[in-house]
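S.K.: Return a 3D structure for these sequence lines:
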Amino acid sequence: MGTIELEYSPTVPDLLSRAVRLFGDREYVVTDKERATFAEVDVAARHLALKLVAAGVGKGTRIGACFSYGREWIVAWLAVNRIGAIYLPFSTAYKPAELRQAVRHGDVHILLVPSTLLGKDRLDFHEEAFPRLRSQSTRQLSLTVAPYLRAVWVTGGASMPAWATPVAMSAGATDELASASAELLAQIESEVRPSDAAISIYTSGTTAEPKGVIHTHGALVRKAHSLVSVMEWGEEERVFCGMPFFWVGGLVMAVVPALDHGVTLLCLDRPEAERSLDLMEKEQATQLTGWPGVTGPIMRHPSISQRSIPALARGVFAPAGSARTTNRQGGLGMTETLGPHTSTHLLETLSQGEHASCVGVPIESIEHKIVDPETGIEQPEGSSGTLLVRSYCLTIGLHKREREEVFTLDGWYDTGDRCYFKDGLLFFEGRLNEMIKTSGNNVAPPEVESVLVSAPDVAEAYVLGVPDSARGEAVAAAVVPAAGATLEPDRLRERVRKELSNYKVPRTILVLSKDDVPTLATGKVDRLAVKALLVAHAVER
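M.R.: Okay, here's the model as predicted:
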């Protein structure tokens, strides 16, 4: 299967130039605090790009950022990608230890951050993430915990500590940073190619180490363009986005296709139901899209019947990988394929019939095959196995992983999903590994287990996903106390909450004695039996 052909070069700088030419005066991003047109975002991104170039940033330089939904996230991404650097958007749910780990693993050179986030001061947060920041007397950083990090650029805030480099991300605003020439920037942009790496999205891997999924300009732009028709976007659409921009759903089903199609994005730093409805009503949203954890409370809000919002009559568009279907869309997708790799309009109808986990049909330009997970032999129709995918929009690799660790010799990627084909439809049966998918978020059990067993009173910990009607799966843990210790689940949850994002915190914690942990004949822990105990415990609660 080939790539998707476009009328313009599939790079972010060319996509931006086209958007300004076609939709310049149209609004690109609107929140309840600010709004910006495509042209205004372009000018602000140019302003930042000139400063990055003057600071020595070039093609392949890895620039991290931690902004919420809104203009700053988009300006930072465009500034970084238009000069050929690689953008690493980090989750705003990160705790200090998680950010430190991601910045180190990502070999981040400059970190772009706001001085406040979600109403809270972030300077103290970053000093907790990188403890030696407090002792830095210069903005040129040297930190052993993040050896490639040379600077933290901070937006907003009147008073900055010695380690922070103030940066203005609005055109016309001033700071102390030097700027490169416009002529140099134009020449740099002309050298950005579709094959260049554009973005590295961080998500949980199957181990405690984070996974940096790398995509090129060509894959990012083409895949986003292909999804416009799937999302049924018309002219001058106004889409409320209930998906974080820093994960694949918000990126390729909102930020990038909006640039391709001239769509206005409506978003909030924290998409609370009433605030969301207020913004949707004020701005007359024509589509509501997002994870069920965001869209569910919106659609159930008591004031919804009194609201005049076009999007509400149209129905919710849920991104691929949602915990449950909606009246418009659901499905199967992953960061490694830049979102959906199946067409899922048939999901609800088919789920009432043969198999409750039916996904739908593979989408154009993505190859799929089912193989035996042990032998790698392709399976006939109706036989289940692990799903392999191959496509133009497949990741070019995982950061710090060798190619043979990621792909087969002929370029296939193992999704870890157990599936089978029948009558041209792809049926999803579950995961072959223990990755937990909760409200669209990936949680790696070893990451949570390592935090639990770091507690002095915990001897063993086993983390698994259990069924949850609202989230798809919920994180659950079985723990064994150290000799003579007494464990309190609430205290363990608080320990995890201090180290990891809230969605990784076990909602269910079951305390077992060593003798009560189920084992196989080999003596290994029977994790399926542990999961059964956790499911029963969750029901009892």
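S.K.: Any idea how many residues pack against Leu520?
M.R.: Using other C-beta atoms under 10 Å, Leu520 is surrounded by 11 other residues. (C-beta placed from N, C-alpha, C; glycine too.)
S.K.: Give me the spatial nearest neighbour of it, chain neighbours excluded.
M.R.: Once flanking residues are discounted, Leu520 sits nearest to Asp526: 4.9 Å by C-beta to C-beta, 6 or more residues apart in numbering.
S.K.: which residues touch the one you found?
M.R.: Asp526 makes contact with Pro518, Thr519, Leu520, according to C-beta atoms under 8 Å, 6 or more residues apart in numbering.
S.K.: I'd like those as CSV, with pLDDT and secondary structure appended.
M.R.: Converted to CSV, the contacts of Asp526 look like this (pLDDT from 0 to 100; DSSP: H, G, I helix; E, B strand; the rest coil):
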residue, pLDDT, secondary structure
Pro518, 91, coil
Thr519, 89, strand
Leu520, 86, coil
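S.K.: can those residues go into TSV with extra columns for distance to Ala180?
M.R.: Below are the contacts of Asp526 laid out as TSV (distance: C-beta to C-beta, whole Å):
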residue	distance to Ala180
Pro518	63
Thr519	63
Leu520	62
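S.K.: Pull out the buried positions in the lengthiest helix in the chain.
M.R.: Secondary structure of the chain per DSSP state H: the longest helix is helix 38-54. Across helix 38-54, burial judged by 16 or more other C-beta atoms under 10 Å covers 38-42, 44-53.
S.K.: before we move on, what about stretch 487-496?
M.R.: Leu487, Leu492, Arg493, Arg495, Val496.
S.K.: for this structure, where's the lowest mean pLDDT among helices and strands?
M.R.: helix 347-351 (a mean of 42; mean pLDDT, DSSP states H and E).
S.K.: Need the pLDDT of Met121.
M.R.: Residue 121: Asp, not Met. pLDDT recorded at Asp121 is 88.
S.K.: Next one: it relative to Glu127, how far apart?
M.R.: 10 Å (C-beta to C-beta, to the nearest Å).
S.K.: Of the two, which one has the most company?
M.R.: More neighbours surround Glu127 than the other of Asp121 and Glu127, with 18 against 11 (other C-beta under 10 Å).
S.K.: What backbone torsions are found at the more buried one?
M.R.: Per-residue torsions, Glu127: phi -70, psi -30 (degrees, to the nearest 10).
S.K.: so Thr337 makes contact with Leu388?
M.R.: No: using C-beta atoms under 8 Å as the test, Thr337 is too far from Leu388 to be in contact (11.4 Å).
S.K.: Overlap in contacts, these two.
M.R.: If you check Thr337 and Leu388 against C-beta under 8 Å, 6+ apart, the residues they both contact are Tyr413.
S.K.: list the helices and strands the longest helix of the chain packs on?
M.R.: helix 12-23, strand 27-30, helix 71-82, helix 182-190 (3 or more C-beta pairs under 8 Å, 6 or more residues apart in numbering; DSSP states H and E).
S.K.: With mean pLDDT, mean neighbour count and distance to Tyr413 as extra columns, can I get those in CSV?
M.R.: Below are the helices and strands packed on helix 38-54 laid out as CSV (pLDDT from 0 to 100; neighbours: other C-beta atoms under 10 Å; distance: least, C-beta to C-beta, whole Å):
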stretch, mean pLDDT, mean neighbour count, distance to Tyr413
helix 12-23, 98, 19, 24
strand 27-30, 98, 24, 32
helix 71-82, 97, 26, 24
helix 182-190, 97, 13, 31
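S.K.: what's the closest of these to Leu251?
M.R.: helix 71-82 (8.5 Å; C-beta to C-beta).
S.K.: Residues in a beta bridge with Ser200, which ones?
M.R.: Ile214 (DSSP bridges).
S.K.: Got the domain ranges for the protein?
M.R.: The chain breaks down by automatic domain parsing into domains covering 12-24+37-227, 355-433, 436-540.
S.K.: Looking at the second one now, give me its mean pLDDT.
M.R.: It refers to domain 355-433. 88.
S.K.: Tell me the first helix or strand C-terminal of the helix or strand where Leu277 lies.
M.R.: Leu277 is located in helix 273-283, with elements delineated by DSSP states H and E. Remark: after helix 273-283, the chain's next helix or strand is strand 287-290, criterion DSSP H and E.
S.K.: partners of that next one in the sheet?
M.R.: With DSSP bridges as the test, strand 287-290 pairs up with strand 238-242 (parallel), strand 316-317 (parallel).
S.K.: State the mean pLDDT of that strand.
M.R.: Here strand 287-290 scores 92 as its mean pLDDT.
S.K.: could we number from 10 for the rest of this?
M.R.: That works, and once the first residue is 10, the last one we named lands at strand 296-299.
S.K.: tell me what the strand or helix carrying Gly439 is packed against?
M.R.: Following DSSP H and E, one finds Gly439 within strand 434-440. Strand 434-440 sits against strand 367-371, strand 422-431, with contacts defined as 3+ C-beta pairs under 8 Å, 6+ apart.
S.K.: any idea whether the closest residue to Asp419 other than its chain neighbours is helix, strand or coil?
M.R.: Spatial nearest neighbour of Asp419, excluding adjacent residues (C-beta to C-beta, 6+ apart): Arg399 at 8.0 Å. Of the three states, Arg399 takes strand under DSSP: H, G, I helix; E, B strand; the rest coil.
S.K.: what's across from Arg399 in the sheet?
M.R.: With DSSP bridges applied, Arg399 shows beta-bridge pairing to Glu376.
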